[in-house]
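Trainee: kindly generate the corresponding structure for this input.
(one chain, ligands or ions: 2)
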Amino acid sequence: MIKTSIFSLLLLLVSGFTTAQSLSSPNAELEMNFSLTDSGEPTYELTYKGKPVIKQSKLGLALKDSEDLLKNFEVENSSETSFDNNWKPVWGETKDIRNHYNQLQVELIQKDTDRKLILNFRLFDEGLGFRYEFPEQQNLTYFVIEEEHSQFAMAGDHTAFWLPGDYDSQEYDYTESKLSEISSKFDTAVTGNASQEQFSNTGVQTSLMMKSSDGLYINLHEAALVDYSLMNLNLDEENLVFESWLTPDAVGNKGYIQTPAVSPWRTIMVSDDATEILASNMNLNLNEPNKLQDTSWIKPVKYIGVWWEMITGKSSWAYTDELPSVQLGKTDYSKTTPNGKHAANTEHVKEYIDFAAEHGFDAVLVEGWNEGWEDWFGKSKDYVFDFVTPYPDFDVEAIHKHAQSKGVKMMMHHETSGAIRNYERHMDTAYQFMNKYDYPAVKSGYVGDIIPRGEHHYGQWAINHFLYAVTKAADYKIMVNAHEAVRPTGLRRTYPNLIGNESARGTEFQAFGGSKPNHVTVLPFTRLIGGPMDYTPGIFEMDISKLNPDNNSHVNSTLANQLAMYVTMYSPLQMAADLPENYMRFPDAFQFIKDVALDWDESEYLEAEPGDYITVARKAKGTNNWFVGNVNGEKTRTSKIEFDFLDKGKMYIATIYADAADAHYKTNPQAYEIKKYRVNSKSRLSQQSAPGGGFAISIIEAEKSEVKDLKKL
Ligand code: NOJ
Ligand code: CA
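Mentor: Ligands and ions are numbered 1, 2, ... in the order given. Okay, here's the model as predicted:
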């Protein structure tokens, strides 16, 4: 620490207040240079081990009805500081997190307008974060953002894993292509959704994962998105320069700011080792510390749900097929005939509760329990649900009592169908209802176009709603898992009751036509950079027509790959998404889902290549037990892993759940084998994974007497 501050002082003295300043990462592998152009435009560049990552790129914002904050700046002051501390997350991949960076703060003054703008650069060993700070001042109180013009000039035509930039949907498959090929592949990359709007055929979403031809892994995203619009990136394909492209509101404006204010952090992670991108805590570190006083009620949750049967079309959310439309409070459901497919009925829910109790699950999610599902989206309807009125066949009181008697919690479902104001109007009563019937967590959803009409899912207005829902839930000691909400940017550090988000293409799409088999080897490099995903793994029956003869979708994954995701897709909230009867067909494989932990003391990223494979080992909280997951892309591959993460001198039983030799995600997804070995820190494993396959391992500490009959690995 002392060393760094002397170094900082020296740096300050050397650079003085000239317009060029440089900043090094704590390990000196990254270097950032800030400078002003001749016309006073702020710029930065970034190198890693001497290689260019971001070439000189401009910074600034265009304002509506006011002079832009783009040029004519002078440096008024600058300072460099260092920061190094450790903190403990309420839940997470590791029990301790180190936050270590060097910071350069540049105070700019715009000559002609006398307005101040501060640029903050934080350089970590894993990358750079920068943000705009708008101090309170006479000449800049309120302003409207026309566009943010933060540039990211790439140093080469990298390979990218990208999703089409969109104001309303994140539920796309990844396209892998050169940057220069984005526009030509854009139309094929866009697939349908209940609400979507693209803005440019070179527009992509963050978190964007790239690989350079000389082996650098580069990731662009943002951190701490609060009271601001979400950023997409638009590429100038000729010059390979990305520029920020914010989400507009209903009248096309991109943000309303009152000073003092800050923008979210723009982040650039870089490494020549892909596992370091997965291990990085930079995104979390750029968020504010936990704001909740009492977190004792926030607990990781393993759950099952009355859900997959609706997603596959085997059952329905709706109670009846007779109603052409519904008017809450007026429609009399007791006069309608049930359609015989309504899954959220008391008897069926009790079966799920019993199954959860028998197999050690914490909670049961039930969707389609409340009135309104007969016409719930696509009608631009405001008052779709009231979140407290059950269907006639859902006895909330009896279900509550039954769950309580079995020691199982219920998980609430609030589908808002995008009618955000309607949800806010009902939020207090909805959360009180949850408290009354002991539902400690809610899965919320935002399917369809947002109301107020013209607003987008990721505009500042909706962003503020998503956070309002989380903070208000905290008042009621409720944990939130929001689907179709904005992709996370590390806010779980500040509000640890935000235990999950969907905000990407989850398992549901395997029942809507399927996802690419390597999808789950990309997500940890992209969507999961900002926070955990409610991916809902655990599908054992890949042929959806077995559940619903009218649905020919196929789950593009092997059964072993489904198990591995409980480790590779870190989340404190994990679902076992398939139907209980499918688990009972494969009880030995189901055992892994029952055993796997949700919260971790340590995580080791053993090997990784976006699009191809990821192998992770995690140590279960408060134990000496480890769980390993490997997910594999389209090509058969053999992992060679060492167990040197285990404590020296200790014995363990490793149970390996792997693809059988002839397994394949398409033709033979259920072929797996389970083997048990005696292992220690010197053990090594060579394990083959099938196309779209993987393996999962539980490694449980054991006594000598317990392992004596087991083969050594
Ligand atoms: C989309 C969500 O992702 C899914 O999980 C949910 O079942 C439906 N919306 C209905 O709310
Ligand atoms: Ca969804």
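
Trainee: count of residues packed around residue 605?
Mentor: Residue 605 is flanked by 21 other residues according to other C-beta atoms under 10 Å. From N, CA and C alone the C-beta is placed, and that goes for glycine too.

Trainee: touching, it and residue 278? I think so.
Mentor: Yes. With contacts counted by C-beta atoms under 8 Å, residue 605 reaches residue 278, the gap being 4.6 Å.

Trainee: what touches both of the two?
Mentor: Contact criterion C-beta atoms under 8 Å, 6 or more residues apart in numbering; residues bridging residue 605 and residue 278 by contacting each: 614, 616.

Trainee: so where do the strands sit in the stretch 451-600 of the chain?
Mentor: Using DSSP state E, counting those that start in this stretch, the strands of the stretch 451-600 of the chain run over 479-483, 498-501, 573-575, 600-609.

Trainee: mind checking which of those is nearest residue 656?
Mentor: Among the strands of the stretch 451-600 of the chain, the nearest to residue 656 by C-beta to C-beta is strand 600-609 (14.5 Å).

Trainee: what's in contact with the closest one?
Mentor: 92-95, 274-279, 521, 524-525, 570, 613-622, 628, 639, 641, 645.

Trainee: just give me the neighbour total for the closest residue to residue 336 other than its chain neighbours.
Mentor: Excluding the flanking residues, the one nearest residue 336 by C-beta to C-beta, 6 or more residues apart in numbering is residue 320, at 4.1 Å. Residue 320 has 21 neighbours, counted by other C-beta under 10 Å.

Trainee: helices and strands around the strand or helix carrying residue 278, which ones?
Mentor: Applying DSSP states H and E as the criterion places residue 278 in helix 274-279. With contacts defined as 3 or more C-beta pairs under 8 Å, 6 or more residues apart in numbering; DSSP states H and E, helix 274-279 has these neighbours: strand 217-223, strand 600-609.

Trainee: of those, which approaches residue 415 most closely?
Mentor: Of those, nearest to residue 415 by C-beta to C-beta is strand 217-223, at 27.3 Å.

Trainee: for the residue nearest to residue 336, list each beta-bridge partner.
Mentor: Beta-bridge pairing for residue 320 (DSSP bridges): residue 338.

Trainee: would you map the strands across the stretch 201-350 of the chain?
Mentor: Listed in chain order, the strands of the stretch 201-350 of the chain (DSSP E, counting those that start in this stretch) span 203-204, 208-211, 217-223, 231-236, 241-246, 256-258, 261-262, 265-271, 301-306.

Trainee: and the angle for the fourth one with strand 217-223?
Mentor: When axes from the mean of the first three to the mean of the last three C-alpha atoms, to 10 degrees is applied, the directions of strand 231-236 and strand 217-223 differ by 140 degrees.

Trainee: got the buried residues for strand 231-236?
Mentor: By neighbour count on 16 or more other C-beta atoms under 10 Å, the buried set for strand 231-236 is 231, 232, 233, 234, 235.

Trainee: okay, now the sheet partners of that strand, with direction.
Mentor: strand 203-204 (antiparallel), strand 241-246 (antiparallel).

Trainee: contacts made by that strand with the rest, please.
Mentor: Under C-beta under 8 Å, 6+ apart, the answer for strand 231-236 is 148, 150, 152, 165-167, 179, 182, 199-200, 202-206, 208, 220, 222, 241-247, 264, 266.

Trainee: quick one, that strand and strand 265-271 angle?
Mentor: 60 degrees.

Trainee: what of the last one?
Mentor: If you take the same axes, to 10 degrees, strand 301-306 sits at 100 degrees to strand 265-271.

Trainee: what is strand 301-306 packed up against?
Mentor: Partner elements for strand 301-306 (3+ C-beta pairs under 8 Å, 6+ apart): helix 346-359, strand 363-366, strand 409-415, strand 573-575.

Trainee: returning to that earlier point: the strands paired with strand 231-236: which one's closest to ligand 1?
Mentor: strand 203-204 (22.1 Å; C-beta to the nearest ligand atom).

Trainee: now that closest one: mean pLDDT?
Mentor: Throughout strand 203-204, pLDDT has a mean value of 99.

Trainee: got the residues of this protein near ligand 1?
Mentor: Residues of the chain found near ligand 1 (C-beta under 6 Å from any ligand atom) are 307, 367, 415, 445, 447, 483, 502, 508.

Trainee: which of these has the most neighbours?
Mentor: Going by other C-beta under 10 Å, residue 307 tops the residues of the chain next to ligand 1 with 29 neighbours.

Trainee: re earlier: possible to save the strands paired with strand 231-236 as TSV with distance to residue 125?
Mentor: Listed next are the strands paired with strand 231-236 as TSV, based on distance: least, C-beta to C-beta, whole Å:
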stretch	distance to residue 125
strand 203-204	26
strand 241-246	23
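
Trainee: output the ones you listed as TSV; include the columns distance to ligand 2 and mean neighbour count.
Mentor: Listed next are the strands paired with strand 231-236 as TSV, based on distance: least, C-beta to the ion, whole Å; neighbours: other C-beta atoms under 10 Å:
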stretch	distance to ligand 2	mean neighbour count
strand 203-204	20	24
strand 241-246	23	23
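
Trainee: show me what from the stretch 401-550 of the chain comes close to ligand 2.
Mentor: Counting by C-beta under 5 Å from the ion, the residues of the stretch 401-550 of the chain close to ligand 2 are 483, 502.
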